[in-house]
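> Starting from these lines, generate the structure:
(one chain, ligands or ions: 2)
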Amino acid sequence: MKTMLTIAGSDSSGGAGIQADIKTATALGVFATSAITAITAQNTTGVQAIFDLDGDIVAEEIRSVLTDISPDAVKIGMVSSPEIIKIIGEALAGYKGPVVLDPVMVATSGSPLLRDEAMESLKTVLFPLATLLTPNIPEAELLTDMKIESAADQEKAAKALYDAYGASVLVKGGHGTGRAADVFYDGNIHIFEKPMLDNPNTHGTGCTLSSAIASYLALGLDEAKAVEEAKNYVYDAIADGLDLGRGRGPINHMVRRNK
Ligand SMILES: Nc1ncnc2c1ncn2[C@@H]1O[C@H](COP(=O)(O)OP(=O)(O)O)[C@@H](O)[C@H]1O
Ligand SMILES: Cc1ncc(COP(=O)(O)O)c(N)n1
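Ligands and ions are numbered 1, 2, ... in the order given. Prediction:
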């Protein structure tokens, strides 16, 4: 069986973070291993508390997995502090497979998940290790210092990040207006477009997308095909119309199994 490692934070409400990653990989037939970076107390209305794990245990978690069940792909999500970022960089230094990095900065509920002082380390330590970056529009704006108002702007931002970090880049369009256009640049531009679903329950879409991409890469798909299939999976999971909690609820990771 193919395996993927997710390095991310725990979401007590089960819709995002490690929980979304494990559900997604499982739904796609990939065995998930994990290294938890932080424990969040959160639900569909917001993030109530964050506890960063000690860097030493994060390093041990990653080493335990890499030295035994070497993953076919790695996904990195919430990393929060410069110390944990540095440790992940060291622990992954010899890893040769695909690394999908979702630069998680703010939860769908609006709560910050990356400390301000961690932004620079994210760019200098983890971006160069990544093979594929998946910023949403607000994240891509911060990373490139550009205003993104169209698919053409998403394309410019994707190219700028590709040139700066040498990784393929997917600028996701869930925060845009009009259609949900995700722009992928791997040296060539690919645009993956779907109608924007009228559903406020999108907690965990970014985590789900990046772990689905990592899962499809683990299964051997090329990057552009992995992105396309992952987007289809997230679209179906939003379209299912699951309605849990009082705020912005999660999507249905099990959508393909229920049908
Ligand atoms: N309402 C929606 N309808 C259709 N697709 C959506 C919707 N919201 C998000 N998506 C898709 O979900 C994925 C995650 O995108 P986005 O919401 O931009 O990321 P993040 O969760 O990191 O903010 C993308 O493929 C995006 O196009
Ligand atoms: C632990 C954790 N990691 C990441 C997210 C981002 O979620 P989204 O996929 O909605 O951007 C989150 N809310 N919680």
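> wait, what's in contact with Ile148?
Contacts for Ile148 were tallied using Cβ atoms under 8 Å, 6 or more residues apart in numbering; they are 137, 140-141, 154, 157, 171, 176. Any C-beta I mention is one placed from the backbone N, CA and C, and that applies to glycine too.
> Now with 6 Å, please.
137, 140-141, 154, 157 (Cβ atoms under 6 Å, 6 or more residues apart in numbering).
> Also Glu228?
Glu228 makes contacts with Phe192, as judged by Cβ under 6 Å, 6+ apart.
> A strand includes it, no?
No - counting by DSSP: H, G, I helix; E, B strand; the rest coil, one finds Glu228 to be helix, located in no strand.
> measure it to Asp222 for me?
10 Å (Cβ to Cβ, to the nearest Å).
> what does Asp145 give?
For Asp145, the distance to Asp222 - Cβ to Cβ - is 31 Å.
> Model confidence score at the closest residue to ligand 1 within the stretch 51-200 of the chain, please.
Nearest residue of the stretch 51-200 of the chain to ligand 1, counting by Cβ to the nearest ligand atom: Gly174, 2.3 Å away. With respect to pLDDT, Gly174 has a value of 87.
> Need the three-state assignment for it.
Under three-state DSSP, Gly174 falls in the coil class.
> what's near enough to touch it?
By Cβ under 6 Å, 6+ apart, the residues touching Gly174 are 180, 205.
> quick one: it from Val227, how far?
14 Å.
> Any chance you could list residues touching both of these two?
By Cβ under 6 Å, 6+ apart, no residue touches both Gly174 and Val227.
> Does Val169 fall in a helix, a strand, or a coil region?
Three-state assignment for Val169 (three-state DSSP): strand.
> Pretty sure it sits against Ala158.
Yes - the criterion here is Cβ atoms under 6 Å, and Val169 meets it with Ala158 at 4.3 Å.
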